[in-house]
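Asker: Below is the sequence, then the predicted model.
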Protein chains: 2
Amino acid sequence: MRAQKKSAPNNERLAEIYRAAAQIILRKGYDATSVNDIANALGMTKAGLYHYINGKKELLFDIMNFGLGELDEEVAEPAKAIADPAARLRFAVEAHARLVTRGQGAITILVDEITALTPPQQRKITQRKRAYFDFLRGTLDELKSAGRLQDVDTTAATFGLLGMINWLSRWFRQGGALSEEQAADQLVRIAFHGLLRPGRLKSVDSRQ
Amino acid sequence: MRAQKKSAPNNERLAEIYRAAAQIILRKGYDATSVNDIANALGMTKAGLYHYINGKKELLFDIMNFGLGELDEEVAEPAKAIADPAARLRFAVEAHARLVTRGQGAITILVDEITALTPPQQRKITQRKRAYFDFLRGTLDELKSAGRLQDVDTTAATFGLLGMINWLSRWFRQGGALSEEQAADQLVRIAFHGLLRPGRLKSVDSRQ
DNA sequence: ATAACTACCGACCGTCCGGTCGGTACCATA
DNA sequence: TATGGTACCGACCGGACGGTCGGTAGTTAT
């Protein structure tokens, strides 16, 4: 139904292109990245790059779908094999966090540059993201049914979780104070048990 | 030391311009927003708008500083008057969350568009954001000293907190299922007590 | 009445960007 | 050694965008 590429170019080179483009877009943002920037990073000219891609927006769309594929393969699918919802949630948070801290770029772009797509592209990406969101919230719902969840709204909690994880891309730096594993572990701790020790606090009230 | 505006234009109109620009930039992103877009939204031409602003980047810089001003006035300053660190933290999270959910735009832009600034502008904004970050982390450090904090890294915890709060702008919608107050309350609950009920869980292990 | 200032606008400019097109050099395969 | 496909490139185009400039209409001050 849709116009395909005129020919079928080397697939490995295509993967290289996605990787290089993701890195640059991650650093400068989609709009601030020119097709020339990407081509130069690959030792090519713009015209040469257009041998592989069908347009700047479609390149972004492809990168995002690649990122969603990673999320499915490395987080959602393995997690779904875990029966206990708490263990499943822990695995998902850790694996997702590591995907972000690894800094390969696609998952972060996926989250930051949706508005750059055309509306139909946006719809498709949003739909796939929604499936992942529903999987996470479903796990929280299971925990709630089992009486293992605090008294929180599972939708808000899922967004809170995703907020913490996605925010990693803004502050986590390779070679910083925390390793990828430590950062993921910290998020799990905060998400699971919160910041404050439980116990006797005679009701915390914001109005002095 | 720096070139000022040629004259001193109406300050109220300037505020209107900031507000309108913030709304559009919030919706479309800085790069995708043209100076013309902003001018038209104000019933002006681009040339007319340039009577008030010195450049697109400086407009963004001004909006960000405006957002940081709001954060100081409505969150940091009032919070600093609260002696108990847990109550102070609760107030900060709630007030900050409400600033985001209100959707006026400046705080969200502040967080999403830093890369669009010139390096000196970036440095100034980052410095002011750092002061707010330090205030939050300082509060967590106080709680830690008092033995009231879980065993978490206060830096990671502060980023986690900010991640949840800033993420609100991506999912919270006026008139949605949750009111601004409810959303802020949910974040406080999650941040303070976590997702899982405390108690007997015979060690959550991620490996089956 | 006039000078000065504010608040704009129409027209224009240089630049950069996404995208195209007609090539060419280099393989394969037969 | 002809054929055809892959992997590029130089040159170019139209359009949009940030920004400028020389105005003008309206208001206020003297």
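Answerer: Great, that's in hand.

Asker: for DNA strand C, what are the nearby residues on chain A?
Answerer: Within chain A, the residues that sit near DNA strand C (C-beta under 7 Å from any atom of the strand) are A:33-36, A:46-47, A:50, A:55-57. Any C-beta I mention is one placed from the backbone N, CA and C, and that applies to glycine too.

Asker: Same list, those, but as JSON lines with neighbour count, distance to residue A:154 and secondary structure please.
Answerer: Formatted as JSON lines, the residues of chain A next to DNA strand C follow (neighbours: other C-beta atoms under 10 Å in any protein chain shown; distance: C-beta to C-beta, whole Å; DSSP: H, G, I helix; E, B strand; the rest coil):
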{"residue": "A:33", "neighbour count": "22", "distance to residue A:154": "37", "secondary structure": "coil"}
{"residue": "A:34", "neighbour count": "13", "distance to residue A:154": "42", "secondary structure": "coil"}
{"residue": "A:35", "neighbour count": "17", "distance to residue A:154": "42", "secondary structure": "helix"}
{"residue": "A:36", "neighbour count": "12", "distance to residue A:154": "46", "secondary structure": "helix"}
{"residue": "A:46", "neighbour count": "13", "distance to residue A:154": "47", "secondary structure": "helix"}
{"residue": "A:47", "neighbour count": "9", "distance to residue A:154": "51", "secondary structure": "helix"}
{"residue": "A:50", "neighbour count": "14", "distance to residue A:154": "46", "secondary structure": "coil"}
{"residue": "A:55", "neighbour count": "10", "distance to residue A:154": "39", "secondary structure": "coil"}
{"residue": "A:56", "neighbour count": "18", "distance to residue A:154": "38", "secondary structure": "helix"}
{"residue": "A:57", "neighbour count": "14", "distance to residue A:154": "34", "secondary structure": "helix"}
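
Asker: Please identify which of those is nearest to DNA strand D.
Answerer: Closest to DNA strand D out of the residues of chain A next to DNA strand C is residue A:47 (2.5 Å), distances taken as C-beta to the nearest atom of the strand.

Asker: In CSV: the residues of chain A next to DNA strand C, plus distance to residue A:152.
Answerer: CSV is the format used below for these (distance: C-beta to C-beta, whole Å):
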residue, distance to residue A:152
A:33, 39
A:34, 44
A:35, 45
A:36, 48
A:46, 50
A:47, 54
A:50, 49
A:55, 43
A:56, 41
A:57, 38
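
Asker: near DNA strand D, which of those residues show up?
Answerer: Within the set of the residues of chain A next to DNA strand C, contact with DNA strand D (C-beta under 7 Å from any atom of the strand) is found for A:46-47, A:50.

Asker: what's the longest helix in chain A?
Answerer: Longest helix of chain A, by residue count under DSSP state H: helix A:119-145.

Asker: So for that one, what gets flagged as buried?
Answerer: By 16 or more other C-beta atoms under 10 Å in any protein chain shown, the buried positions in helix A:119-145 come out as A:121, A:124-125, A:128-129, A:132-133, A:135-137, A:139-144.

Asker: just stretch A:172-187 next, same as before
Answerer: Within stretch A:172-187, the residues scored as buried using 16+ other C-beta under 10 Å are A:172, A:178, A:180, A:183-187.

Asker: Now do that stretch: distance to the chain's middle.
Answerer: 16 Å (C-alpha atoms, centre = their mean, to the nearest Å).

Asker: Let's see it as CSV, backbone CA atoms only.
Answerer: The C-alpha trace of stretch A:172-187 is given here as CSV (Å, rounded to 0.1, in the frame of the first residue of the first chain):
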residue,chain,number,x,y,z
PHE,A,172,22.8,9.9,34.3
ARG,A,173,26.3,10.0,32.8
GLN,A,174,28.5,7.1,32.0
GLY,A,175,31.5,7.2,34.3
GLY,A,176,29.7,9.3,36.8
ALA,A,177,29.2,8.7,40.5
LEU,A,178,26.8,5.9,40.0
SER,A,179,27.2,2.8,37.7
GLU,A,180,24.3,1.8,35.5
GLU,A,181,23.4,-1.0,38.0
GLN,A,182,23.5,1.3,41.0
ALA,A,183,21.3,3.8,39.3
ALA,A,184,18.8,1.2,38.4
ASP,A,185,18.9,-0.2,41.9
GLN,A,186,18.3,3.3,43.4
LEU,A,187,15.2,3.7,41.2
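
Asker: Need the residues that contact it.
Answerer: Contacts with stretch A:172-187, where a contact means C-beta atoms under 8 Å, 6 or more residues apart in numbering or on different chains, come from A:93-94, A:97-98, A:100-103, A:164-165, A:168, B:152-153, B:155-157, B:160.
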